[in-house]
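Participant: How does the following fold in three dimensions:
(chains A and B)
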There are 2 protein chains.
Amino acid sequence: MFAAESLVRTLVHQGVELCFSNPGTSEMHMVAALDRTEGMKSVLCLFEGVATGAADGYARMSRKPACTLLHLGPGVGNGLANLHNAKRAFSPVLNIVGDHAGYHLPFDAPLTSDVEGTCAPVSRWVGTVPSASELSNMAVKAVQESFGPAPGVASLILPADCAWSDIEPDVLDTVEMPSLNAVATKHIQKAAKALKSAKNPVLYIGGTACLEGGIHEAARIGKHLDCRVVMETFAPRISRGAGRPAPTRLNYFGAQALEDLKDCDLLLVAGSKPPVSFFAYPNSPSELTPEGAAVFTLGGPSDDIEGALLLLANALDAGTPDIVSQTSMPLTNPDEALNPVSIGMSLCRHMPQNSVVCDDSTTAGLALFPTTQTAAAHEWLCLTGGAIGIGMPMAIGAAFAAPSSTIFALCGDGAAAYTLQALWTQAREKQNIINIVFVNHSYRVLNIELSRVGAGEPGPVAQAMLDLSNPKMDWVKLSEGFGVPAVHANTTGAFEEALLHALATPGPHLIAAEV
Amino acid sequence: MFAAESLVRTLVHQGVELCFSNPGTSEMHMVAALDRTEGMKSVLCLFEGVATGAADGYARMSRKPACTLLHLGPGVGNGLANLHNAKRAFSPVLNIVGDHAGYHLPFDAPLTSDVEGTCAPVSRWVGTVPSASELSNMAVKAVQESFGPAPGVASLILPADCAWSDIEPDVLDTVEMPSLNAVATKHIQKAAKALKSAKNPVLYIGGTACLEGGIHEAARIGKHLDCRVVMETFAPRISRGAGRPAPTRLNYFGAQALEDLKDCDLLLVAGSKPPVSFFAYPNSPSELTPEGAAVFTLGGPSDDIEGALLLLANALDAGTPDIVSQTSMPLTNPDEALNPVSIGMSLCRHMPQNSVVCDDSTTAGLALFPTTQTAAAHEWLCLTGGAIGIGMPMAIGAAFAAPSSTIFALCGDGAAAYTLQALWTQAREKQNIINIVFVNHSYRVLNIELSRVGAGEPGPVAQAMLDLSNPKMDWVKLSEGFGVPAVHANTTGAFEEALLHALATPGPHLIAAEV
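Facilitator: Next up is the predicted model:
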């Protein structure tokens, strides 16, 4: 068989079931191999950033890797921003990239590119397959590497001549995958001691500590010690809503974030690292840990932090935590102009249990987050790496990992314009995704940032560079152009109606919410 | 003043007049600086690949750099594919990338990324500004480096704390820019001698040899020696049409390319390097130079090849070349189904003098090229690096460099879907660009390549991965969604009408040509 076929068989055997693909000529044997192998679904994407964002969304929900199939250095380039987000989310992703046949490289054909060098900045592991006989072993290695610890992007580069080599099928061994490190009992005891002797500790959680188990145990500790539980601003995945605790979310803006942590004398960090400002600003600190506060790290992204928090809560003899009850949000006047809060109230009323929210809506998302706190239990996936353009792609991957859930993609209009090609794959795969584009015709967050960095009053050129109203994008047309039905909504009533219609009608939808 | 302001002043002084921008928080002082400085126009793009493709198009037409303004590693990633094309086109581009403040980097905030490492694979020069006092010198250095020789991408990384530093304005020196190397007279004499003693030489031209001067001199030589003049398949810019010679274009497909060069005993290479196959195929050669043929390189991308060809033609005492006359293409039945050839015939009839064609339409473009050979004189810009998604962005840059020309962007539907956000900038800048999308609902070239690489008969999965018909993209809606008026055309008559309307009506247009 072609070596490519052996690769796909090996991946399926290791539990990789999905391939988000944007292939070119050098990947044609992989395309043929996907045809001949049971157990791997291939999902075509019109742009590589859609494929990589989808792989991230799938990983966040399933906690195992999907693979991509990209075309040489430029293909990786197009997928790089969402691989950066995946890296920052500690998402396992198997990034498969085709390259020219090895013997063809010295001739420097037009697509010859430094594939390894392009993958390196976002990958925890990069390997180029040296020969067909090594392919299966390296594929297993790449899957292992994607699990870490900590999980991340493993890039496997497959030269075309290797893919098309004729080989004997490998015997498929079942190989153990790395798991997160168990935190030592002694370290947990030290943490318990530190917490008990602090006057005003803050339990700062992030990463997998924001999953259902972690957030529960953190809340037990918080209630028992009467201490604040604060979670990182952009966690990869937050289990929240009715029946779950509601830790404080660290504010995005530095001054407010400092307020969230004020007077704390011990920051106990679980699943992340001490908080830092998203950007640097003149005369503002990079570190957000209050001066004089001690930092104790229970564990980071490589550690089984859910397990550690359980042991810590038990060591403290903590009881049951406070949890959120589902509340019925009041209906507002349906003729009222729409805003992120009223959108959040609609969502809070109607989001089905186990929904997944993919948030790529910088300013609107921050406003909407508190309003949906008391919705039915759901998962909230944040923009971990700050590279906008992940919302609609991430929703594709989440929908594959959670096929019975309703998926919401919340996108700023600036962010949505980056990877709108994702809508086509959503339509092709008939996924139950409700895309909400916050249409404010502006890079709204940059209007705020421009004044925060002290660059002075914006003149007409600067204003124009943050303004998306000339011309105004028509998101209904853009969505329909890619095969996803869409409506405009500029009142709370219109939004509510659009949301109920989308929930009642299978397949993807887009609501262009004028805010 | 802010150091960023000093940077913009320096660039303007060195002749950089355009900035294709997609800024974020770390570039806000650059945004403010663009406001305060005369002589630099800032052009907002919704996606970085649009900015970098536009910079390439501008460089190909003006032969000087525009700058970009991108946001950290993910911003470079999004722009990388078209920087790869620019690198392969030997286009001078000044790639300016903002980074976090230097002191903020150790805290590993979410957008922290290896900016230098991300730029490196596509750049001939990368530099991070170490301090505000170095900024002006490094900016001059970066502009110089973009000129080469050979010209290429110079990436200048600007930390935010450097951009916001308060400095005294620099004294602006005028600095000499590198120019292409003159080819030595002795080398030209050797070339003349080699040509004269060969039985069946081929003059193989590429790069700047395909510009008006080079193509003229090459044709003089070809006529004088009665030898073939063959140009590379994907030259950065080809001066062609009525009043100009028409060298043979090397076929894309290997077997036909070998035919183009058959029986040649000397390949005289001017402005490029000996031809190689675009991809590797099992049992096909990578090198296309016929076995046994000698290769003589007159000069490459670093050399003043137009000058060398003039001297060589004179040394051979060559006369005037054969040139193409404008021919009036016959009108076909207007109800006939549209195809690339009939589109080419319409273009041949109506393309205004000095039009610029930005070709990103792999299969359709190859068919259409011969049909437009006898159109009014025009420039044809090819997909140099094989990274699809440059047509509509490149048209933006070409329109700025040639404001009185009509610009055509020829895009396959697969390619157009990569960077369709370019339409928004075209509308915003009211550019006279006619985008022609060849709608065949397919990665057509991959259907051909799949059989060429010997991957066997495609099954349903493989076929689906090359098929774009489920759902069909609606290019009229997509175009209108970004503010560019558009029509469908599926007959020669409808296309002709759409083309005449677009030519008569200022601003951008899109024709969705069903082929």
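Participant: do the helix or strand where A:Q426 lies and chain B meet at all?
Facilitator: Per DSSP states H and E, A:Q426 falls inside helix A:422-428. Yes. Contact between helix A:422-428 and chain B is present through A:424, A:427-428 (criterion: C-beta under 8 Å from any C-beta of the partner chain). All C-beta spots, glycine's among them, are computed from the backbone N, C-alpha and C.
Participant: Mind putting those into a markdown table with pLDDT?
Facilitator: Output for those, formatted as a markdown table (pLDDT from 0 to 100):
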| residue | pLDDT |
| --- | --- |
| A:W424 | 98 |
| A:A427 | 98 |
| A:R428 | 98 |
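Participant: how about CSV for those residues, with neighbour count added?
Facilitator: Compiled in CSV, those are given as follows (neighbours: other C-beta atoms under 10 Å in any protein chain shown):
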residue, neighbour count
A:W424, 25
A:A427, 21
A:R428, 22
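Participant: how many other residues sit next to the closest residue to A:F495 other than its chain neighbours?
Facilitator: Once flanking residues are discounted, A:F495 sits nearest to A:A489: 4.1 Å by C-beta to C-beta, 6 or more residues apart in numbering or on different chains. Each residue near A:A489 was counted by other C-beta atoms under 10 Å in any protein chain shown, and the total is 22.
Participant: who's in contact with A:A489?
Facilitator: A:338, A:495, A:497-498, A:511-514 (C-beta atoms under 8 Å, 6 or more residues apart in numbering or on different chains).
Participant: try it again with 6 Å
Facilitator: Applying C-beta atoms under 6 Å, 6 or more residues apart in numbering or on different chains to A:A489 gives the contacts A:495, A:498, A:511, A:513.
Participant: next helix or strand past the helix holding A:Q426?
Facilitator: Heading C-terminal from helix A:422-428 (DSSP H and E), you reach strand A:433-439.
Participant: now for that following strand, which elements pack on it?
Facilitator: Judged by 3 or more C-beta pairs under 6 Å, 6 or more residues apart in numbering or on different chains; DSSP states H and E, the packing partners of strand A:433-439 are helix A:391-401, strand A:407-412, helix A:413-416, strand A:509-514.
Participant: Of the contacts of A:A489, select the buried ones using a PyMOL command.
Facilitator: In PyMOL syntax, the buried subset of those is picked out as below (16 or more other C-beta atoms under 10 Å in any protein chain shown):
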select buried, chain A and resi 495+498+511+513
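Participant: circling back: let's have the residues of helix A:422-428 next to chain B in a markdown table, adding distance to B:T174.
Facilitator: Putting those into a markdown table (distance: C-beta to C-beta, whole Å) gives the following:
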| residue | distance to B:T174 |
| --- | --- |
| A:W424 | 51 |
| A:A427 | 56 |
| A:R428 | 56 |
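Participant: quick one, helices of the stretch 301-450 of chain A?
Facilitator: A:305-315, A:340-350, A:362-371, A:391-401, A:413-416, A:422-428, A:444-452 (DSSP state H, counting those that start in this stretch).
Participant: Show me which residues of the stretch 201-350 of chain A sit near chain B.
Facilitator: Selection of the stretch 201-350 of chain A residues close to chain B by C-beta under 6 Å from any C-beta of the partner chain yields A:276, A:278-280, A:282, A:286.
Participant: Quick check: A:K190 vs chain B, distance?
Facilitator: 25 Å (C-beta to the nearest C-beta, to the nearest Å).
Participant: For the helix or strand encompassing that residue, which residues meet the burial criterion?
Facilitator: Assigned by DSSP H and E, A:K190 belongs to helix A:185-197. Buried residues in helix A:185-197, counted by 16+ other C-beta under 10 Å: A:187-188, A:191-192, A:194-195.
Participant: ok, of those, which one's closest to A:A375?
Facilitator: A:L195 (31.2 Å; C-beta to C-beta).
Participant: Can you name the residues of the stretch 401-515 of chain A sitting close to chain B?
Facilitator: So the stretch 401-515 of chain A meets chain B at A:417-418, A:421, A:427-428, A:449-450, A:453, A:455-456, A:459, A:461-462, A:465, A:470-471, A:474, A:477-478, A:480-481, A:483 (C-beta under 6 Å from any C-beta).
Participant: Got phi/psi on A:L266?
Facilitator: phi -140, psi 130 (degrees, to the nearest 10).
Participant: same check, this time on the one 3 residues further on
Facilitator: Main-chain dihedrals, A:V269, degrees, to the nearest 10: phi -100, psi 130.
Participant: got it, and A:M61?
Facilitator: The phi/psi pair for A:M61 (degrees, to the nearest 10) is phi -90, psi -30.
Participant: try A:P471
Facilitator: According to degrees, to the nearest 10, A:P471 has phi -80, psi 170.
Participant: Can you mark which positions in the helix or strand of chain A with the lowest mean pLDDT are buried?
Facilitator: Every helix and strand in chain A was compared by mean pLDDT, DSSP states H and E; the lowest is helix A:444-452, with a mean of 82. Within helix A:444-452, the residues scored as buried using 16+ other C-beta under 10 Å are A:444-447, A:449-450, A:452.
Participant: Check stretch A:264-272 too.
Facilitator: Buried residues in stretch A:264-272, counted by 16+ other C-beta under 10 Å: A:264, A:266-272.
Participant: Residues touching it, excluding its own?
Facilitator: Taking C-beta under 6 Å, 6+ apart as the rule, stretch A:264-272 contacts A:195, A:198-209, A:232, A:289-290, A:293-298, A:305, A:309.
Participant: how far out from the middle of the chain is the least confident helix or strand of chain A?
Facilitator: With C-alpha atoms, centre = their mean, to the nearest Å as the basis, helix A:444-452 stands 24 Å off its chain's centre.
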